[in-house]
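Visitor: build me a model from this:
(chains A and B)
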Amino acid sequence: MTVVLATGIVVLANRGDAGGSAPASAGATSEAGGIVTVQPMQHTGDQVWQLEPGAVIQAQGLTKHYGSTITALDQLTVAVEPGVTGLIGANGAGKSTLIKILLGLLEPSSGRASVLGHDCVTDGFEIRTMTGYMPEHDCLPPDVTATELVTHMGRMSGLPATAARERAADSLRHVGLYEERYRQIGTYSTGMKQRVKLAQALVGDPRLLLLDEPTNGLDPAGRTAMLELIARIGSEFGISILVASHLLGEIEQICDHLVAIDGGRLLRADSISSVTQASAVLLVEVDDGLDQLHAELASRGLNPIPYQRGLLVQLAGDQTYDAIRDAVADLGLPLSRMEQRRHRIEELFRADPTVTDQPAGAAAAANLQPADPAANPALGPAASGLTTGAASVS
Amino acid sequence: MSADAQAAAGQFTSPAPESGGVIHNIGYRRYEAARLGRAQIVRALTWHSLRAAFGIGRGAKAKIFPVLLFALLCLPAAVNAVALATNPGSQPIVSYDSYIPSLRTVAMLIFVALEAPNLVSADLRNHTLPLYFARPISRIDYPVAKLAAFVLACLAMIEIPLIILYLGIVTQVHGASEVWAQTRQLGPGLLYGAAWAVLLASIGLLLASSTGKRVFAICAIGIPLFFTWILASVLMHIGEQAFGPAGFGQPSALSSLAGLISPFTLLGGVLRWLQATPRPGFPVRALQATTVGHYGALYGVVFVILLTAAIAGLLARYRKVGVA
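Guide: From the prediction side, this is the model:
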């Protein structure tokens, strides 16, 4: 089934369960704005495997079944550019499975994948030499110090003893652990443990980091700190990063690119700017005469939406600013606020509430919302309200 | 946590924090030099695990039992050295081959039960395996490195006392021919010790890898090893009581086969079988050794089967264990 969102995003073949057996939707769907083109791939089989130059990660028709009933990945075709890329999906969408296949730890049922130009099935050693992996779950022994653990993991990454010690100290300092690194990990807070996990992924000087839910279990301040750190590693250290998360608001802050999967299928792969640009709106507030302005803007074809104490207008370009300015000036209203807002990425996956005959899609989209809005102040009620408004814009 | 994280946030944004004024942000440094190959990484993991087996790098408490047990195993050799030095011309009080079987059995049982879990259970409990498997080694390398490390640890526990024993004796004997005679006796003793180390390390690691909980792992090793040993000893004793003591004619089938039950008596049986034709300078010691009767070769076969099964089981265990 195909759900066309009000924001102009095409959500293809959403399914409520990750292990569904629905066949791939027929045909390619492209959105009018030319932003989204989701083409369900047919089985690649023995088709020619074309490596895209410059892509750090590439998957083609990647499928993974567990047993006969569970499909973790379903014909996933995507290419990831260098930089920080968000891998977005609900729990069970196939993020961890994808990461394990990329590391060469799982063999795909069909399809192919490559990391840094190496085939994931045949060149696991090369890939794991150049890749750092931060697992989702707790993986640290409590009875050793961070220095000992990271040094040991550096050796396991193929560093000689001296280099491992030096790089362990460097990595721990880069993630913000100083004197604490001589303490046993069991005494650490959750935030410090997450940083140790990141340091052990960093110690082998990887070209690519695969981070699985790096903000898991962190409080808001810890999340912010971890995200800043990831962004810094991506920009200053020149290491490409694939960061898996189910919290879309976080990813938006730090990623250059976005890959969204659901039920093992690709929902969307695009740059953050193009994803968010498409959904820019203007919030206009006047101290008084809101109804007049509403009517005036409507007459100018802008189709404003009442939102809180102001109006939301879809931003089409400079002419939108001009039209609002002219309307306010003509009416002589006291303009108190006009600001550009971006839709949050959640909305890209949120089914139009008016579409009631798509319960599966709505359920899947609902899963993508932040589990705890309070934990992420950036996604307060304003963002949610904005969604409702935006959903009926077009 | 919140205050902590706030502090952390501060550290991230300002890489040269006030808490460590001497630390400067030198930026990210690439590692351009040569990397170790897979074999060298496995060797590093083996060395790391070998140290862990003796509690090195794990705090003072972890060293108590390995050191205590090692001292206990060395004690007879040390006493022997002192005895020979003070009473020149007397006979050694322990032999190279079986050493003191009951002491070695008890000490190695405790050592394997306590230390095998440190090598494998901890990584299972802490879910550390994904960190290893995400590195340039293959799945089989992990159990291979652990097994090599634990065999080496058991070898150290068994063979070093033998070498002390040897040194204690050769310093008191006169003439090159006597030293050579002692050296020839030491060789089979070391080989027999190696059989102990390989078998106990394989069984110990296999049982320890069944669970991530240290206490359960200790029980999973200690209880079967201890009770099979007791059972085998009791059955051998009963067999000898009912059908006449070993040494007078052939021992009964019961007492001959009972030794197969426990790895310790199995090892004793293998020794007995190999010594079935006594050679000069290779004394048979009946002291608590297994009676094997006509079934000596069976002990050899069971030893090989048990060892193969334990190693295969250990490797299979890590082929299946989850990566995350």
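
Visitor: report the residue spans of the stretch 251-394 of chain A with pLDDT below the cut-off.
Guide: For the stretch 251-394 of chain A, the stretches with pLDDT under 70 are A:275-279, A:341-394.

Visitor: remind me what the helix or strand where residue B:225 lies packs against, helices and strands.
Guide: According to DSSP states H and E, residue B:225 maps onto helix B:214-243. Judged by 3 or more C-beta pairs under 8 Å, 6 or more residues apart in numbering or on different chains; DSSP states H and E, helix B:214-243 is in contact with helix B:101-125, helix B:176-208, helix B:253-257, helix B:263-274. Every residue, glycine included, has its C-beta placed from N, CA and C.

Visitor: can you list the buried residues in the shortest one?
Guide: Put plainly, it is helix B:253-257. By neighbour count, with 16 or more other C-beta atoms under 10 Å in any protein chain shown as the criterion, the buried positions of helix B:253-257 are B:254-257.

Visitor: nearest spatial neighbour of residue 261, skipping sequence neighbours?
Guide: Answering for chain A, as no chain was given. residue A:89 (4.4 Å; C-beta to C-beta, 6 or more residues apart in numbering or on different chains).

Visitor: was after chain B, sorry
Guide: Leaving aside its sequence neighbours, residue B:261 sits nearest to residue B:232 (C-beta to C-beta, 6+ apart; 4.2 Å).

Visitor: quick one: contacts for the one you found?
Guide: If you count contacts by C-beta atoms under 8 Å, 6 or more residues apart in numbering or on different chains, residue B:232 has them with B:258-262, B:264-265, B:290.

Visitor: got it, and residue A:157?
Guide: Residue A:157 is in contact with A:129, A:164, A:203-204, B:35, B:135-136, counting by C-beta under 8 Å, 6+ apart.

Visitor: highest neighbour count among these?
Guide: residue A:203 (30 neighbours; other C-beta atoms under 10 Å in any protein chain shown).

Visitor: burial count for the residue nearest to it when sequence neighbours are not counted?
Guide: Leaving aside its sequence neighbours, residue A:203 sits nearest to residue A:154 (C-beta to C-beta, 6+ apart; 4.1 Å). By the measure other C-beta under 10 Å, the count of residues near residue A:154 is 29.

Visitor: and the helix or strand harbouring residue A:154, average pLDDT?
Guide: For residue A:154, the host element (DSSP H and E) is helix A:146-156. For helix A:146-156, mean pLDDT rounds to 96.

Visitor: what does that helix rub up against?
Guide: For helix A:146-156, the external contacting residues (C-beta under 8 Å, 6+ apart) are A:140-141, A:144, A:161, A:163-165, A:167-169, A:171-172, A:177, A:180-183, A:185, A:188, A:196, A:199-200, A:203-204, B:36, B:41, B:44-45, B:48, B:57, B:131-132, B:135, B:137.

Visitor: just the ones in strands from those residues, please.
Guide: Assigned to strands by DSSP state E, none of the contacts of helix A:146-156 qualify.

Visitor: coming back round to it: out of the contacts of residue A:157, which comes closest to residue A:215?
Guide: Taking C-beta to C-beta as the measure, residue A:203 is the one of the contacts of residue A:157 closest to residue A:215, at 20.6 Å.

Visitor: doesn't residue A:169 make contact with the closest one?
Guide: No: checked against C-beta atoms under 8 Å, the pair residue A:203 and residue A:169 is beyond contact range at 9.7 Å.

Visitor: burial count for residue B:78?
Guide: Residue neighbour count, defined by other C-beta under 10 Å, stands at 14 for residue B:78.

Visitor: and if you look at residue B:294?
Guide: Residue B:294: 11 neighbours (other C-beta under 10 Å).

Visitor: same check, this time on the one 3 residues further on
Guide: When neighbours are counted by other C-beta under 10 Å, residue B:297 registers 12.

Visitor: adding distance to residue B:80 and pLDDT, write the contacts of residue A:157 out as CSV.
Guide: CSV is the format used below for the contacts of residue A:157 (distance: C-beta to C-beta, whole Å; pLDDT from 0 to 100):
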residue, distance to residue B:80, pLDDT
A:129, 52, 94
A:164, 43, 96
A:203, 49, 96
A:204, 50, 94
B:35, 49, 93
B:135, 47, 95
B:136, 48, 94
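
Visitor: is any residue of the one helix or strand residue B:300 maps to near chain A?
Guide: Using DSSP H and E, residue B:300 sits within helix B:296-320. No: figure legend: helix B:296-320 not in contact with chain A (C-beta under 8 Å from any C-beta of the partner chain); closest approach 12.1 Å.

Visitor: and that helix, what does it pack onto?
Guide: Counting contacts by 3+ C-beta pairs under 8 Å, 6+ apart, helix B:296-320 packs against helix B:141-170, helix B:176-208, helix B:263-274.

Visitor: tell me which of the ones you listed sits nearest to chain A.
Guide: helix B:141-170 (9.8 Å; C-beta to the nearest C-beta).

Visitor: elements contacting the closest one?
Guide: Contacts defined by 3+ C-beta pairs under 8 Å, 6+ apart place helix B:141-170 against helix B:38-53, helix B:61-86, helix B:101-125, helix B:129-133, helix B:176-208, helix B:296-320.
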